[in-house]
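**Student:** Model the structure of this input:
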Amino acid sequence: MAGPPVIIWEQEVERLLRYRDLIPRLEEALGKFSTRDSAEVIQPVRSTVPLQKHSGFLGLMPTYMENDGVLSTKLVCFYKREAGSSLPGVQATVVLLDPQYGNVKAVMDGEVITAMRTAAVSAISAKLLMRPGAEVLAILGTGKQALSHYNVFTEIFSFKEVRVCGRTMEGAERFVRSVGGAARACGSVEEAVRGADAIVTVTLSTEPVLFGQWVKPGAHVAAVGACRPDWRELDDELMKTAVVYADSRDGAMAESGDVILSGAEVFAELGDVINGTKPAHREKTTVFKSLGMGVEDAVSAKLVFDRWTSTSSHL
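**Tutor:** Residues are numbered from 1 along each chain as shown. Sure thing, here's the model as predicted:
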């Protein structure tokens, strides 16, 4: 008989998950996903249930990795919040199951997993697509995803300057004070992104905030927000002039307003580049449209669970 599931809270997940361990596992998983081998990854496009009264959605993200013996699902609620709202924009829980017996092995906080795996995949996109010698990073947003992206991008790349822009100058300055280092607050998106080599958009915006006319030719953009078909962060000019990559082509075509409303073509998935079946156009302006995938949560949850079970205090 299987015992009761373990509960792994936010602080434990944060202690156990490290980018240096997570990134190679995510790279391997992205490559497996893009092979379309059913024995490697079974992952339907995220299904959503509208929460109309609360201007939100419940997303369900199941994944089965047969060869790795991983079965999991994430339940994530995401909301369109008014400016200044104290309510969270995203809340998530990851459930890890035994694929043979079907019992729940672990229930773990999904906030840290979502923040770290998303930022790690954006960093993988930059590793593959960003021009060598990039010096200036711009981050649009000041929430949890902005912080996780700042952490991983400054951990694995050597930027001389990091510019941050939020809804308010006060919010950007507060973020900069919290991280220190080479970060600088900017009063406008244009100020933040002009001349930047890499741009990360992690906003709750439903209308374009980043315009192609401001983006330096050859820059790399990791677009993380706007996860609904009618939400956007990037304008038509940027989407149509850049080479567009995605974590999942099917996901982008179903969920990304930036892709759907601009009519832009998704050139390749990140996994295609990892597998060597599609080129990385570093010399061109590139956009990585991140929707987030269940396989990313599955790999992260397995890593957390394996670390938790190997910790002597829990044996």
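**Student:** measure the nearest residue to Lys80 once chain neighbours are set aside to Ser205 for me?
**Tutor:** Leaving out its chain neighbours, the residue that sits closest to Lys80 by CB to CB, 6 or more residues apart in numbering is Ser55, at 4.6 Å. Quick note: C-beta positions are derived from backbone N, CA and C, even for glycine. Plainly put, Ser55 is 14 Å away from Ser205 if you go by CB to CB, to the nearest Å.
**Student:** neighbour count winner among those two?
**Tutor:** Ser205 (18 against 11; other CB atoms under 10 Å).
**Student:** ok, now which ones touch the nearest residue to the more buried one once chain neighbours are set aside?
**Tutor:** In this structure, Ser205 finds its nearest non-sequential neighbour in Glu233, 5.5 Å apart by CB to CB, 6+ apart. Counting by CB atoms under 8 Å, 6 or more residues apart in numbering, Glu233 touches 140, 201, 203, 205, 208-210, 223, 225-226, 258.
**Student:** List just the nearest of those residues to Pro279.
**Tutor:** Ala223 (20.3 Å; CB to CB).
**Student:** measure the closest one to Arg167 for me?
**Tutor:** 17 Å.
**Student:** and if you look at Lys284?
**Tutor:** Separation of Lys284 from Arg167 (CB to CB): 31 Å.
**Student:** Which helix or which strand is home to the most centrally placed residue in the chain?
**Tutor:** Centroid-nearest residue in the chain: Thr118, 2.4 Å away (criterion: CA atoms, centre = their mean). Thr118 belongs to helix 111-129 when elements are defined using DSSP states H and E.
**Student:** can you give me the mean pLDDT across that helix?
**Tutor:** For helix 111-129, mean pLDDT rounds to 97.
**Student:** Also stretch 187-202?
**Tutor:** 97.
**Student:** thinking again about what came up before, of Ala223 and Arg167, who's got more company?
**Tutor:** Neighbour count, other CB under 10 Å: between Ala223 and Arg167, Ala223 has more, with 30 against 17.
**Student:** so what's the more buried one bridging to?
**Tutor:** Beta-bridge pairing for Ala223 (DSSP bridges): Thr201, Lys289.
**Student:** Return the distance of it relative to Gly292.
**Tutor:** Counting by CB to CB - Ala223 and Gly292 are separated by 12 Å.
**Student:** repeat for Leu71
**Tutor:** Between Leu71 and Gly292 the computed distance is 18 Å (CB to CB).
**Student:** next one: Glu28
**Tutor:** Taken as CB to CB, the span from Glu28 to Gly292 is 17 Å.
**Student:** higher neighbour count, the two?
**Tutor:** Gly292 (24 against 14).
**Student:** Going by neighbour count, which residues in the host helix or strand of Glu170 are buried?
**Tutor:** Using DSSP H and E, Glu170 sits in helix 169-179. By neighbour count on 16 or more other CB atoms under 10 Å, the buried set for helix 169-179 is 171-173, 175-176, 179.
**Student:** Max pairwise distance over these: which two?
**Tutor:** Greatest spatial distance among the buried residues of helix 169-179 (CB to CB): Gly171 and Val179, at 13.0 Å.
**Student:** Give me the pLDDT value at Ala2.
**Tutor:** pLDDT recorded at Ala2 is 68.
**Student:** actually Gly181, sorry about that
**Tutor:** Per-residue confidence at Gly181 stands at 77 (pLDDT).
**Student:** Next up, the contacts around the closest residue to it other than its chain neighbours.
**Tutor:** Once flanking residues are discounted, Gly181 sits nearest to Thr154: 6.5 Å by CB to CB, 6+ apart. Neighbour list for Thr154: 137, 162, 181-182 [criterion: CB under 8 Å, 6+ apart].
**Student:** Look at Thr154 and tell me its secondary structure.
**Tutor:** Of the three states, Thr154 takes helix according to DSSP: H, G, I helix; E, B strand; the rest coil.
**Student:** quick one: the strands in the stretch 101-250 of the chain?
**Tutor:** Remark: strands assigned in the stretch 101-250 of the chain by DSSP state E, counting those that start in this stretch are 104-109, 136-140, 161-165, 183-185, 198-201, 220-223, 243-246.
**Student:** which residues touch the longest one?
**Tutor:** Strand 104-109 is touched from outside by 2, 5-10, 12-13, 92-98, 301, 304-305, 308, with contacts defined as CB under 8 Å, 6+ apart.
**Student:** swap in the fourth one?
**Tutor:** Applying CB under 8 Å, 6+ apart, the external contacts of strand 183-185 come out as 150, 161-165, 169, 172-173, 175-176.
**Student:** Tell me the one among the residues you listed nearest to Ser188.
**Tutor:** Once CB to CB is applied, the member of the contacts of strand 183-185 that ends up nearest Ser188 is Cys165, at 6.7 Å.
**Student:** Run a quick neighbour tally on that closest one.
**Tutor:** 27.
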